[in-house]
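Student: Next input, structure requested:
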Amino acid sequence: MRHKKGNHKLSKPTDQRIALLRSLTLSFITHEKIKTTDVRAKETQKYIERLITLAKKGDLHSRRIANSILHD
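Tutor: Below you'll find the predicted structure:
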């Protein structure tokens with residue numbers, strides 16, 4: 001079942017929410033810690049875990065998906 005599997009809106013429009021989550025993810029990867037609210041941290045955790053899973057695969061398709069998520 002996929003009950004309650006949506007994302008939190010974080011009181012932002014879609015484009016701002018995606019930009020916020022990408023920047024928090026990039027900051028966490030580069031600096032290894034971030035200071036933010038609990039809700040934003042839990043949403044960022046989803047992005048980070050997805051990137052870790054892609055990094056474990058290591059093939060070309062996974063690298064391209066990770067690059068599309070981070071843009072860096």
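
Student: now the residue nearest to the spatial centre of the chain: how far from residue 18?
Tutor: Taking CA atoms, centre = their mean as the criterion, residue 47 is the residue nearest the geometric centre of the chain, at 2.4 Å. Between residue 47 and residue 18 the distance is 10 Å, computed by CB to CB, to the nearest Å. Any C-beta I mention is one placed from the backbone N, CA and C, and that applies to glycine too.

Student: hang on, the earlier thing: which strands or helices does the helix or strand that contains the residue nearest to the centre of the chain pack on?
Tutor: Applying DSSP states H and E as the criterion places residue 47 in helix 38-57. Under the contact criterion of 3 or more CB pairs under 8 Å, 6 or more residues apart in numbering; DSSP states H and E, helix 38-57 touches helix 14-31, helix 60-70.

Student: Out of those helices, indicate the one that is most buried.
Tutor: Comparing the helices and strands packed on helix 38-57 by mean neighbour count (mean count of other CB atoms under 10 Å), helix 14-31 comes out on top with a mean of 14.

Student: can you list contacts of that one?
Tutor: Outside helix 14-31, the residues that touch it by CB atoms under 8 Å, 6 or more residues apart in numbering are 9-10, 12, 34, 36, 40-41, 43-44, 47-48, 51, 69-72.

Student: picking that back up, between the helices and strands packed on helix 38-57, which gets nearest to residue 3?
Tutor: Closest approach to residue 3 among the helices and strands packed on helix 38-57 (CB to CB): helix 14-31, 21.9 Å.

Student: Specify the angle between that closest one and helix 60-70 in degrees.
Tutor: In terms of direction (axes from the mean of the first three to the mean of the last three CA atoms, to 10 degrees), helix 14-31 departs from helix 60-70 by 110 degrees.

Student: Helix 14-31: how far from the chain's middle?
Tutor: Distance of helix 14-31 from the chain centroid (CA atoms, centre = their mean, to the nearest Å) equals 6 Å.

Student: what's the answer for stretch 35-50, then?
Tutor: On CA atoms, centre = their mean, the centre of stretch 35-50 falls 7 Å from that of its chain.

Student: Give me the residues contacting it.
Tutor: For stretch 35-50, using CB under 8 Å, 6+ apart, the contacting residues are 7, 8, 10, 20, 21, 22, 24, 25, 28, 29, 34, 69.

Student: Okay then, goodbye and thanks.
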